[in-house]
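**Q** The following block contains a protein sequence and its predicted model.
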Amino acid sequence: MSEKYDVAIIGAGIGGLVCGCYLAKAGLKVIIVEQQNKPGGYCTSFERQGYRFDVGVHYLGSLREKGVLSEILRGLDLLDRIKLIRNDPTDRIITPDKTIFIRKDQNKTINELISHFPKEKENIKRLFNLIINEDFLSLYSKLRNRTFQDLLDIFLTDHKLKAILSTMLGNLGLSSSQSSGFVGAIIYKEFVLDGGYYPKGGIQNLPDLLAEKFREYGGVLLLSNRVTRIMTKQKKVMGVKLQDKGCIVSKFVVSNVDAHLTFNTLLDCECNERKVVNKLKISNSAFVVYLGLKKQLNIKPKHFTTWFFSTYDIEKCYNFQSDKKKQLIPSFDYLLCSFPSLIDKSLVPSGKGIMRIFVGARYASVKMWENSKNELYNKIITRASRMLPDLAESIELKVIGTPRSFYNYTSNRNGALFGWQALPSQTSKSIFPYQTSIKNLYLSGHWVTNGMGQSGISVVALSGREAAKIIVSAKG
Ligand SMILES: Cc1cc2nc3c(=O)[nH]c(=O)nc-3n(C[C@H](O)[C@H](O)[C@H](O)COP(=O)(O)OP(=O)(O)OC[C@H]3O[C@@H](n4cnc5c(N)ncnc54)[C@H](O)[C@@H]3O)c2cc1C
């Protein structure tokens, strides 16, 4: 194949798909190359023995009327085509002595926190007033140099309340003393207070719909093929080479894949970005257990995700640096458990259930993971059984995902879940912008620092739309 396109996009993660849709909608001739046999990257589902599991993403945020993701999907006429389920409550946080629910209605969530910490009533209101009512720019200018812990310390006094609010930074895989205050605030604004949206039938429906729309606009989605080279001439993009079927000639290339891969492996010339990628810190990975259950678990009220903590030392749970022994799983003091079949029965055979358990983990050799994963699985099931006594006897299928699995599936370095770490020093727009030093090579996806932090699908979708806008105006 040696066809000519305006734009070749590497990777059909959500960033690449959204970018492709907006470019094709604007009339450009676009091809997306994806190494897997389906689109979605971390936002995909897989089936085993009639159970449908979501690989990474557990639910979507930012889908309120004027939410970032709503606007992006509306711009593609997809908002009415995606069937979303949103349960109330969405999440449950269990600590050694409290159970707190995250509600659909943000005021109810705030009142729930106040009911547990009445002395902090005014402080809680002031904190959430800032998060909810200030716009992105204002939050950025106030919080960009602070950590999320700084933000909590400014407003709150109770250490348990601060710890409980830190639990949600598990969505970044960072502790509150590490995470950018701005990104932590965005996690609350766009994901905790406006989260819990689930595409009926599984998370795969989102990339499938985007792929369908992309094709409707005339785009070409080439699956099961890998880009092996980004071709340049005098530091200007010429197209991409494929593992199978030759090459694609294109005026622009968008890389929606791991930044190390883009600049250290795919790109065929020297560039400034090589030095930068080697200096920045990447996000952590995870160990994920996918369980097929003989019966639905008896969990009331029904909700999507339980954050289960056996300690208030959340710093120790999420901060890998505090684990001096460098264990594969630095902390078993928390588990993030999702119960999608409680909310959507179409994911399982009649009467059965699924559950997913997630805990932060380190990348290590294949051998280390092979030797340890069953033992670690047993430890996790024992821990989870404290909360769900009938869990072990209900399991009829288990699938284990390690950082190696995440790397193998997506080529994200070391199985990084969210691109760069959302440290205060790593969120500025200028660190890893859409535009690169190579003419007509652009970036999208969770390796772009668009200033919003790496807070999941809505931010990644935004990166795709913004990259497309820049290319459309560059094309003239
Ligand atoms: C366990 C887990 C839980 C998460 N939970 C949530 C959540 O609940 N909500 C949320 O909003 N976000 C969540 N996230 C984050 C979210 O999934 C990611 O930020 C987002 O999906 C990243 O999208 P992306 O477009 O940047 O790329 P990716 O999803 O990384 O996709 C990159 C794609 O490029 C392809 N590719 C790589 N190299 C090549 C090549 N050389 N040639 C062709 N194709 C290539 C890969 O196969 C892949 O399909 C979670 C992530 C994980 C892993």
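**A** Done, it's in. Numbers count the residues shown, from 1 in each chain.

**Q** In the longest helix belonging to the chain, which residues are buried?
**A** Assignment by DSSP state H gives helix 366-387 as the longest helix of the chain. Taking 16 or more other C-beta atoms under 10 Å as the neighbour-count basis, helix 366-387 is seen to contain the buried residues 369, 372-373, 376-377, 380-381, 383-384, 387. Placement of C-beta: from N, CA and C, glycine included.

**Q** Run a quick neighbour tally on the closest residue to the ligand within the stretch 301-450 of the chain.
**A** Of the residues in the stretch 301-450 of the chain, the one nearest the ligand is G445, at a distance of 2.8 Å by C-beta to the nearest ligand atom. Burial of G445, expressed as a neighbour count using other C-beta atoms under 10 Å, amounts to 31.

**Q** ok, is stretch 428-438 in contact with the ligand or not?
**A** No - judged by C-beta under 6 Å from any ligand atom, stretch 428-438 stays clear of the ligand, getting no closer than 12.3 Å.

**Q** List of residues touching that stretch?
**A** With contacts defined as C-beta atoms under 8 Å, 6 or more residues apart in numbering, stretch 428-438 is touched by 144, 230, 232, 235-237, 259, 267, 269, 271-273, 276, 280, 420, 442-444, 447-451, 463, 466-467, 470.

**Q** Tell me how far I354 lies from S180.
**A** In this structure, I354 lies at 34 Å from S180, with C-beta to C-beta, to the nearest Å as the measure.

**Q** Spell out which parts of the stretch 1-150 of the chain neighbour the ligand.
**A** Counting by C-beta under 6 Å from any ligand atom, the stretch 1-150 of the chain comes close to the ligand at 10-16, 33-36, 41-43, 56-61.

**Q** Can you select the buried ones among the residues you listed for me in ChimeraX?
**A** In ChimeraX, a selection of the buried entries from these looks like this (16+ other C-beta under 10 Å):
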select :10,11,12,13,14,15,16,33,34,35,36,41,42,43,56,57,58,59,60,61
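
**Q** pLDDT below threshold where in the protein?
**A** For the chain, the stretches with pLDDT under 70 are 1-3, 453-455.

**Q** the domain parsing of it - what is it?
**A** Taking automatic domain parsing as the domain assignment, the ranges for the chain are 2-80+202-280+421-475, 88-192, 284-410.

**Q** from the ones you listed, which stretch is densest packed?
**A** domain 2-80+202-280+421-475 (a mean of 21; mean count of other C-beta atoms under 10 Å).

**Q** and stretch 448-460, anywhere near the ligand?
**A** Yes - using C-beta under 6 Å from any ligand atom, we find that stretch 448-460 touches the ligand at 456-457, 460.

**Q** about what we covered before: do I have it right that the residue of the stretch 301-450 of the chain closest to the ligand meets G419?
**A** Yes - the pair G445 / G419 is scored as a contact, 7.2 Å apart, by C-beta atoms under 8 Å.

**Q** Run through the residues of the stretch 351-476 of the chain sitting next to the ligand.
**A** Within the stretch 351-476 of the chain, the positions near the ligand by C-beta under 6 Å from any ligand atom are 358, 406, 410-412, 417-418, 445-446, 456-457, 460.

**Q** Take these and lay them out in TSV including secondary structure and distance to A163.
**A** Written out in TSV, the entries for those read as follows (DSSP: H, G, I helix; E, B strand; the rest coil; distance: C-beta to C-beta, whole Å):
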residue	secondary structure	distance to A163
F358	strand	19
F406	helix	28
T410	helix	32
S411	coil	35
N412	coil	30
L417	coil	22
F418	coil	22
G445	coil	32
H446	coil	27
G456	coil	22
I457	helix	27
V460	helix	29
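
**Q** would a markdown table of those with distance to P118 be doable?
**A** What follows is these, written out as a markdown table (distance: C-beta to C-beta, whole Å):
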| residue | distance to P118 |
| --- | --- |
| F358 | 32 |
| F406 | 42 |
| T410 | 45 |
| S411 | 50 |
| N412 | 44 |
| L417 | 36 |
| F418 | 35 |
| G445 | 44 |
| H446 | 39 |
| G456 | 32 |
| I457 | 36 |
| V460 | 39 |
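
**Q** Of these, which is the nearest to N107?
**A** G456 (23.4 Å; C-beta to C-beta).

**Q** Which residues are in contact with that closest one?
**A** By C-beta under 8 Å, 6+ apart, the contact set of G456 is 57, 60-61, 171, 191, 418.

**Q** and the residues you listed, which of them are in helices?
**A** Among the contacts of G456, none falls in helices (DSSP H).

**Q** Looking at those residues, spot the one nearest I93.
**A** Each of the contacts of G456 was scored against I93 by C-beta to C-beta, and N171 proved nearest at 12.5 Å.

**Q** was I right about that closest one contacting E190?
**A** No - checked against C-beta under 8 Å, the pair N171 and E190 is beyond contact range at 10.3 Å.

**Q** For the host helix or strand of T109, name the packing helices and strands.
**A** Secondary structure assignment for T109, by DSSP states H and E: helix 106-116. On a contact count with 3 or more C-beta pairs under 8 Å, 6 or more residues apart in numbering; DSSP states H and E, helix 106-116 meets strand 99-102, helix 121-133, helix 159-166.

**Q** could you check the angle helix 159-166 makes with the second one?
**A** Using axes from the mean of the first three to the mean of the last three C-alpha atoms, to 10 degrees, the direction of helix 121-133 lies 20 degrees away from that of helix 159-166.

**Q** Which element is encountered next along the chain beyond helix 121-133?
**A** Taking DSSP H and E as the definition, the helix or strand right after helix 121-133 is helix 136-143.

**Q** tell me the contacts of the nearest residue in space to T99 that is not next to it in sequence?
**A** Take T99 and drop its neighbours on the chain: the residue closest to it by C-beta to C-beta, 6 or more residues apart in numbering is R92, 6.3 Å away. Counting by C-beta under 8 Å, 6+ apart, R92 makes contact with 99-102, 303, 305-307.

**Q** what about R92, helix or strand, and which?
**A** strand 91-94.

**Q** I'd like the distance from that strand to the chain centre, please.
**A** Centroid displacement of strand 91-94 relative to its chain, using C-alpha atoms, centre = their mean, to the nearest Å, is 19 Å.

**Q** would you put the C-alpha positions of it in CSV?
**A** Included here for strand 91-94 are C-alpha records, laid out as CSV according to Å, rounded to 0.1, in the frame of the first residue of the first chain:
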residue,chain,number,x,y,z
ASP,A,91,-19.2,5.1,44.1
ARG,A,92,-18.8,3.9,47.7
ILE,A,93,-15.7,4.7,49.8
ILE,A,94,-15.1,2.3,52.7
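
**Q** Surely K104 touches Y197?
**A** No - using C-beta under 8 Å, K104 makes no contact with Y197, being 9.9 Å away.

**Q** shared neighbours of these two, which are they?
**A** Taking C-beta under 8 Å, 6+ apart as the contact definition, K104 and Y197 share the neighbouring residues R86.
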